[in-house]
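Novice: build me a model from this:
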Amino acid sequence: MLTQEVKYLTPEQRQSVHEASMQVLEETGLLVHNEKAREIFKEHGCDVDAEGHVKIPHKVIEEKIKYFQPSYTFTAQDPEFDITIPEEGPCVVTASSAPFVLDPKTKEQRRATSKDIANIAYLINELPGFNVFSISTLADDAPEGQFTLSRFYPALKNCKKPVRSNTVNMKDLMTCLELGYTIAGSEEAYMERPFINHHYCPVVSPLTMDVESTEAVTYLAQKGLPVYTTVVPNAGMTSPMSMVGTLVVGNAEFLAINCYYQMIREGMPIIYAYLPTVADMRTGNYTPGAVETGILEMAHTEMAEFYGVPSGGYIGLTNAHCNDAQNGYEVALNTTGAMLAGASLLNMGGLIDSLTTFDFAKAIIDNEVAMSLKRMKRGMDYDEADLKECIGLIDKIGPGGLYMSEEHTFRNMKSIAYLTNIGSRDARAQWDGRPIEDRCYDKADELLSKPNPARFSDELDAKIKANFPGIVAGDAVWDY
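Specialist: Prediction:
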């Protein structure tokens, strides 16, 4: 296992960032648009004016931090896939909510549909590198009034791993929960194992809380249902063009929303989740794949350690438009950095074009990246008995010998090395000359042409269709 993590900040600097963040919240404050949230802040000792400016005193923050919890569990329909971070990290989550998909047949970009969601859900269910399916795309074919339902239904129908996403308004949230009750058999059964994992961004940088998302997270926190929040400062746009200045804005926003959660429910599990970026000021373009995203995420991870909470976020993203070298180095640099800094949640997988397009081939490549990161996290297993056996084996084989046929090699060859499925290790003479994307689509064909073991039973599916008239088909059908 990794015994030492990479750090940018000294303990004194972390304390300074914490104090600066509290100063921002006490002196500058937040603009809170949700009236219910303003009342909750006020009830817990915050200063709230008529325009909705909320200032949080130091003493309130320090009191609520005491209730922060050290772990967070993603719950699945199948308990076998439950995962708790940081203990079981890195927890790899797909990136989410892209409006477009690369059509698997034409390789052209088009609007994503509920059928795409079903196929992606099935794919993620079958790829071992991914732990959580954060619904990767929108559904352009959603019937009127069923936008969120048309995403959650095909996702839950085809994936037994934890499913994560958000809703656009309270009506959609209630419909989403009703779907969960139906799948579980009753509201009571669902509340015992709430397998829909909610994620929102109620804090809009800089230092603003919106109406709809804030309403949703307030309700979920009050009900004791799983929900967490990501902060997304963007240097040069919504935070200072400064690494430490952006860290302070993001950290202040983390403290604001998560202290708010503790005001609602003391001891509510949280994640220090983030997507900090530095804008490309030549164009103003969004840069989730830039190395500065990785640096900032490493720094936010250190602040999460300061507060004793699990951390991670949207990392391993790319601005690239295909599975090229840019895609490769952006994903590899930032995920490795975040994991070595101690992040236990990695929102990566499947998206290109600055989070706007899902590509089945990229999801399979990212599964390989995820498996490699998990192997890196496991590191070197130092075992005295193994060391003693190896010393004897080294003496037996001697100089110039070969270990390939030894029983020790057979015993360990599958556990010591991660054996790639997509990456080619053949000599050039054995290489078929095909690009990695072609091998990925072959793998998708192999996985998605089989019967789906995660699919709902016919009885449950009929019940859902009766309860939600006009719902999309939601079936994983690999027939592009």
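Novice: show the backbone phi and psi for the residue nearest to the spatial centre of the chain.
Specialist: The centroid of the chain falls nearest to Asn347 when counting by Cα atoms, centre = their mean (3.0 Å). Here is the backbone geometry of Asn347 (degrees, to the nearest 10): phi -80, psi 90.
Novice: show me what contacts it?
Specialist: 93-96, 134, 275, 312-317 (Cβ atoms under 8 Å, 6 or more residues apart in numbering). In this view, the C-beta of every residue, glycine as well, is placed from N, C-alpha and C.
Novice: of all those residues, the one with the weakest confidence?
Specialist: Of all these, Gly316 carries the smallest pLDDT score, 89.
Novice: can I assume that residue is in contact with Gly349?
Specialist: Yes - look at Gly316 against Gly349 with Cβ atoms under 8 Å: they come within range, at 7.5 Å.
Novice: where do the strands of the stretch 101-250 of the chain begin and end?
Specialist: 109-111, 133-134, 163-165, 196-200, 203-204, 208-209, 227-231, 234-235 (DSSP state E, counting those that start in this stretch).
Novice: Throw those into CSV and include mean neighbour count and distance to Glu27, thanks.
Specialist: Shown next, in CSV, are these (neighbours: other Cβ atoms under 10 Å; distance: least, Cβ to Cβ, whole Å):
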stretch, mean neighbour count, distance to Glu27
strand 109-111, 15, 45
strand 133-134, 27, 36
strand 163-165, 23, 35
strand 196-200, 23, 27
strand 203-204, 22, 18
strand 208-209, 20, 16
strand 227-231, 25, 19
strand 234-235, 22, 21
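Novice: make TSV out of these and add distance to Thr182.
Specialist: Output for the strands of the stretch 101-250 of the chain, formatted as TSV (distance: least, Cβ to Cβ, whole Å):
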stretch	distance to Thr182
strand 109-111	28
strand 133-134	19
strand 163-165	15
strand 196-200	12
strand 203-204	32
strand 208-209	32
strand 227-231	20
strand 234-235	39
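Novice: so which of these comes closest to Asp172?
Specialist: Minimum separation from Asp172 across the strands of the stretch 101-250 of the chain (Cβ to Cβ) falls at strand 163-165, 10.6 Å.
Novice: adjacent strands (with direction) for the closest one?
Specialist: Neighbouring strands of strand 163-165 in its sheet, by DSSP bridges, are strand 133-134 (parallel), strand 196-200 (parallel).
Novice: adding distance to Asp432, write those strands out as JSON lines.
Specialist: Listed next are the strands paired with strand 163-165 as JSON lines, based on distance: least, Cβ to Cβ, whole Å:
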{"stretch": "strand 133-134", "distance to Asp432": "32"}
{"stretch": "strand 196-200", "distance to Asp432": "41"}
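Novice: for Pro11, find the nearest of these.
Specialist: strand 196-200 (30.6 Å).
Novice: okay, angle between that closest one and strand 227-231 too, please.
Specialist: With axes from the mean of the first three to the mean of the last three Cα atoms, to 10 degrees applied, the angle from strand 196-200 to strand 227-231 works out at 30 degrees.
Novice: so what touches strand 196-200?
Specialist: Outside strand 196-200, the residues that reach it (Cβ under 8 Å, 6+ apart) are 74-75, 132, 134, 152, 156, 162-167, 176-177, 179-180, 213, 216-217, 220, 225-230, 273.
Novice: and that strand, how far from the chain's centre?
Specialist: Centroid separation between strand 196-200 and its chain, computed with Cα atoms, centre = their mean, to the nearest Å, is 11 Å.
Novice: how about stretch 53-70?
Specialist: Taking mean C-alpha positions (Cα atoms, centre = their mean), stretch 53-70 and its chain are 25 Å apart.
Novice: same question for stretch 286-294.
Specialist: 16 Å.
Novice: first-to-last residue distance for that stretch?
Specialist: 14 Å (Cα to Cα, to the nearest Å).
Novice: between the strands of the stretch 101-250 of the chain, which one is closest to Phe68.
Specialist: Judging the strands of the stretch 101-250 of the chain by Cβ to Cβ, what sits closest to Phe68 is strand 227-231, at 12.1 Å.
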